[in-house]
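Colleague: need coordinates for the following:
(chains A and B)
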Protein chains: 2
Amino acid sequence: MSDGARREELLARRRAALGPAYRHFYEDPVEVVRGEGTRLYDADGIEYLDAYNNVPCVGHSNPRVVAAIAEQAARLNTHTRYLAEPILAYSERLLASLGAPLGHVMFTCSGSEAVDVALRLARFETGRAGVVATANAYHGTTTASAEVSPSLGPAVAPGPTVRLIAAPSPEATDAEAEGRRMAAHLAAAVADLEAAGHGFAAFVCDSIFSSDGIRPGPVGLLRPLAEEVRRQGGLFVADEVQTGFARTGEEMWGFRRHGIEPDLVTLGKPMGNGMPIAATAARADLLDRFGRETRFFSTFGGNSVSIAAATAVLDEIEAQDLQQNALTVGTYLLAGLTALAHRSPHLANPRGAGLFLAVDIPDPDATGTPARLLEALRDRRVLAGLTGPAADTLKIRPPLVFSQTDADRLLAALDQALADLS
Amino acid sequence: MSDGARREELLARRRAALGPAYRHFYEDPVEVVRGEGTRLYDADGIEYLDAYNNVPCVGHSNPRVVAAIAEQAARLNTHTRYLAEPILAYSERLLASLGAPLGHVMFTCSGSEAVDVALRLARFETGRAGVVATANAYHGTTTASAEVSPSLGPAVAPGPTVRLIAAPSPEATDAEAEGRRMAAHLAAAVADLEAAGHGFAAFVCDSIFSSDGIRPGPVGLLRPLAEEVRRQGGLFVADEVQTGFARTGEEMWGFRRHGIEPDLVTLGKPMGNGMPIAATAARADLLDRFGRETRFFSTFGGNSVSIAAATAVLDEIEAQDLQQNALTVGTYLLAGLTALAHRSPHLANPRGAGLFLAVDIPDPDATGTPARLLEALRDRRVLAGLTGPAADTLKIRPPLVFSQTDADRLLAALDQALADLS
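Modeller: From the prediction side, this is the model:
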């Protein structure tokens, strides 16, 4: 069977079995069969540079993580209703890193569940239903997390108790002014929630506004917003599923770049380097009444193997100093993107924090330039993504082990791909 | 440090890190560190017979599953936006087993997410919000699944769009009559939902009514109920998280024991023998509009390693004929429980389907007999559980590899534990 015929067959089987709600990357999607470090390999053995996947943060098939998974799976994989020391050691390490006022952590399997539990806690604690999110946010796929995920489209979000405010402006440079502007929008949204009888429970955002188009700055803008959330009697949920675990380089956690202390923090994606594990950290007092009046248990949340993987991830981030690598290589890559954007009319507004980078791809005549650039990059064996409300922002968010050599390869491929567009 | 001091220290660290919403089994919980087949071992090397855990369905640390996990983790662990053959092969096998009219399957990480997605689909498709569940059901920990989980307590469920009906009576023997009785209750609940303006989207139950106290029969009672659900314009969600994957012995799926064709089926717990994987199977047409108007993606849902584990689980169920084992050993165990119940005033109403068994522990003077019996079993190195609204039903739900010798050990331990109570 030719490669094309095989892909056609797989696509047909995929449509039949998984149905029409599943999407794939690229018109002609890649059949990935192997990964190592920053590289992915397709069924024909062709090597791709992975500039997209944040989940395998310490590298695809990281040997330390693989060994931890294999050893723990061979010994025991069970749940949190028995006693176990490893989950306690991991939780203590995580809480020490997150810092006050976050006192407890509860484990789930996915970022969607982590956000869902955070919203449950916020609504339970405040006794109010209203939640504010940003205009093209993505926070998950459960009912409650999808309701605050307008990037899923108007058929799904915002839910009836949800109000949306604009993400930070890409042009903003004054953190205080931009934060105050967002705070004013938040106050208006809260007033609307109160008028509708829902009240205000929480504001949720990821600190880099990823699906809103990636807005890493200006640094500090979340401070006036967090103050307004508190003034309005709501809780601040920092969704660190994408920005957490050293991604942004300057700090271990995205919210800390902005100097705020969230009430609830959600963690996921890179936490187990691909093993399903996620968590919700909470101000200790937020669990007092919840813990008395109900209980929390997730069969797979915090299972022995996921905890082993997550522990190995923290070990690897520290041992390889991947936070520093994210900062160094991210800064280098941003300089390279900036240089390319100076030369090409197809790139604008390069920006980023650590290894979470973006550059807009203007498409004034709506000829599909962003998708064509992404496919051209793929033809040059570099995998990246698109984001933003119009899917016209190139998203570069590679494993944290991305090297300067990888960055050079990405920049060269992008340079060539841009030439194709001309 | 003495064992007691170590457990005290771990319990204190647990309260500090995980907070008050987490519960543990037993007053003096077991620190489990190793598992093999039907055995668990604590930190002192003491061996326990596991008569409780359904997740490690093909046995703790099953070699085939462990090898599949280790090999796949070393090769690749990625998501469903690239092409991959193994997830398609697994999905086709699953759908063939589930049978018509279930046409598509969507992967998540936990049973909670599977139920949540099923309710999302049901509400999306019908355009109505109301859901009916049973009086002490448990379906999950996300906002939407917790709302249909009254066993979490009145602070959580039922949610505003949820109505509850009684589970099957433990005394019922006539399936048709009991099914019609439940159907009448369902019709009343639907009328109430319609009067409240919510309309009726779905009925959800697990076919053995596990947290309602385990009601395996009478077989066929779900048929009149399913007919009534359809007549009322709702969808039938069969929650197979606990009853699926050969557990009940007679069939691969619990709903099939009752001869019904559900519109949505949720799968979880035993699916990956502990690897987080879950799924929602749906009538194909239920995804037409959903697939057009939004999309579905779960970062970890259907990841390469979880699919490898799930495939190995199906292989092992077939290779060891564990459905037959569940039936044979379950029948043997039920006979043994029945004999014990004849002799002991502390046991009543032994019942079960395959390796999902229950026996009530009457506690007329509220002296805590059920909990004392559970602790006495634990002292004899047998782990079981309690269920039901009053937690006075002994739940026996071991790995499917439970042997007749294991059953004899359990029965002997139970016999001795009962003697302790006298």
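Colleague: quick check: A:A84 touching B:V30?
Modeller: No: using CB atoms under 8 Å, A:A84 makes no contact with B:V30, being 9.9 Å away. Quick note: C-beta positions are derived from backbone N, CA and C, even for glycine.
Colleague: next one: phi and psi at A:L164?
Modeller: phi -120, psi 140 (degrees, to the nearest 10).
Colleague: quick one: it and A:P154 touch, right?
Modeller: No: using CB under 8 Å, A:L164 makes no contact with A:P154, being 11.2 Å away.
Colleague: so these two - more neighbours on which side?
Modeller: Neighbours were counted for A:L164 and for A:P154 using other CB atoms under 10 Å in any protein chain shown; A:L164 has more, 18 against 9.
Colleague: what's near enough to touch the more buried one?
Modeller: Listed by CB atoms under 8 Å, 6 or more residues apart in numbering or on different chains, the contact set of A:L164 reads A:132-135, A:137, A:150, A:158, A:189.
Colleague: tally of neighbours for the residue nearest to it when sequence neighbours are not counted?
Modeller: Distance criterion CB to CB, 6 or more residues apart in numbering or on different chains; nearest residue to A:L164, sequence neighbours excluded, is A:A135 at 4.8 Å. Using other CB under 10 Å, A:A135 is surrounded by 17 other residues.
Colleague: and A:V156, by the same measure?
Modeller: By other CB under 10 Å, the residues close to A:V156 number 20.
Colleague: and the next helix or strand past the strand or helix carrying A:F255?
Modeller: Secondary-structure element containing A:F255, defined by DSSP states H and E: helix A:254-257. Following helix A:254-257 in sequence order, the next helix or strand is strand A:264-267 (DSSP H and E).
Colleague: quick one: strands adjacent to that next one?
Modeller: Looking at strand A:264-267 with DSSP bridges, its partner strands are strand A:235-239 (parallel), strand A:278-283 (antiparallel).
Colleague: re earlier: can I get the contacts of A:L164 in TSV with secondary structure and pLDDT?
Modeller: Putting those into TSV (DSSP: H, G, I helix; E, B strand; the rest coil; pLDDT from 0 to 100) gives the following:
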residue	secondary structure	pLDDT
A:V132	strand	98
A:A133	strand	98
A:T134	strand	98
A:A135	coil	98
A:A137	coil	98
A:P150	helix	98
A:P158	coil	96
A:A189	helix	98
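Colleague: among those, who's most crowded?
Modeller: Ranked by neighbour count (other CB under 10 Å), the contacts of A:L164 have A:A133 at the top, with 30 neighbours.
Colleague: can you give me the pLDDT of the closest residue to it other than its chain neighbours?
Modeller: Spatial nearest neighbour of A:A133, excluding adjacent residues (CB to CB, 6+ apart): A:V148 at 4.2 Å. We have a pLDDT of 98 for A:V148.
Colleague: A:V148 against A:A135, yeah?
Modeller: No: under the criterion of CB under 8 Å, A:V148 is not in contact with A:A135, lying 11.3 Å apart.
Colleague: can you name the helix or strand that A:L10 falls in?
Modeller: Using DSSP H and E, the element containing A:L10 is helix A:3-18.
Colleague: list the buried residues in that helix.
Modeller: Using 16 or more other CB atoms under 10 Å in any protein chain shown as the test for burial, helix A:3-18 gives A:7, A:10, A:13-14, A:17-18.
Colleague: where's the residue nearest to A:L164 relative to chain B, distance?
Modeller: Here the criterion is CB to the nearest CB, to the nearest Å. By it, A:A135 lies 17 Å from chain B.
Colleague: let me see the ranges of the strands in the stretch 51-200 of chain A.
Modeller: Secondary structure of the stretch 51-200 of chain A by DSSP state E, counting those that start in this stretch: the strands cover A:102-108, A:130-134, A:162-165, A:200-205.
Colleague: redo those as a markdown table? Include distance to B:G197.
Modeller: Listed next are the strands of the stretch 51-200 of chain A as a markdown table, based on distance: least, CB to CB, whole Å:
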| stretch | distance to B:G197 |
| --- | --- |
| strand A:102-108 | 33 |
| strand A:130-134 | 20 |
| strand A:162-165 | 20 |
| strand A:200-205 | 23 |
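Colleague: follow-up on the earlier one: so which elements touch the helix holding A:F255?
Modeller: Applying 3 or more CB pairs under 8 Å, 6 or more residues apart in numbering or on different chains; DSSP states H and E, one finds that helix A:254-257 contacts no other helix or strand.
Colleague: contact partners of that helix?
Modeller: Helix A:254-257 is contacted from outside by A:99, A:206-208, A:219, A:222, A:238, A:240, A:242-244, A:247-248, A:250-251, A:262, A:265, A:353, using CB under 8 Å, 6+ apart.
Colleague: spit out the contact partners of the residue of the stretch 1-150 of chain A found nearest chain B.
Modeller: The minimum distance from the stretch 1-150 of chain A to chain B, using CB to the nearest CB, falls at A:P20 (2.8 Å). By CB under 8 Å, 6+ apart, the contact set of A:P20 is B:287-288, B:290-292.
Colleague: again with A:P370
Modeller: A:361, A:363, A:386, A:391-394.
Colleague: list phi and psi for the spatially closest residue to A:F25 that is not a sequence neighbour.
Modeller: Spatial nearest neighbour of A:F25, chain neighbours left out: B:R81 (4.7 Å); criterion: CB to CB, 6+ apart. Main-chain torsions, B:R81, degrees, to the nearest 10: phi -90, psi 0.
Colleague: count of residues packed around B:R81?
Modeller: Neighbours of B:R81 under the rule other CB under 10 Å: 19.
Colleague: shouldn't A:L357 be within a helix?
Modeller: No: using DSSP: H, G, I helix; E, B strand; the rest coil, the assignment for A:L357 is strand, not a helix.
Colleague: spell out which residues make up each domain of chain A.
Modeller: For chain A, automatic domain parsing gives the domain ranges A:31-58+A:321-421, A:63-319.
Colleague: tell me which of those domains sits most buried.
Modeller: Ranked by mean neighbour count, the domains of chain A are led by domain A:63-319 with a mean of 23 (mean count of other CB atoms under 10 Å in any protein chain shown).
Colleague: for A:S207, which three-state class applies?
Modeller: Of the three states, A:S207 takes coil according to three-state DSSP.
Colleague: I'd like the distance between it and chain B.
Modeller: From A:S207 across to chain B, the span is 19 Å (CB to the nearest CB).
Colleague: list the contacts of that residue.
Modeller: Applying CB under 8 Å, 6+ apart to A:S207 gives the contacts A:222, A:238, A:240, A:243, A:248, A:254-255, A:257-258.
Colleague: switch to 6 Å and redo it
Modeller: Contacts for A:S207 (CB atoms under 6 Å, 6 or more residues apart in numbering or on different chains) come out as A:243, A:254-255, A:258.
Colleague: quick check: the nearest residue in space to it that is not next to it in sequence vs chain B, distance?
Modeller: Once flanking residues are discounted, A:S207 sits nearest to A:G254: 3.6 Å by CB to CB, 6+ apart. Distance, A:G254 to chain B, by CB to the nearest CB: 17 Å.
Colleague: give me the pLDDT for A:G254.
Modeller: A:G254 is assigned a predicted lDDT (pLDDT) of 97.
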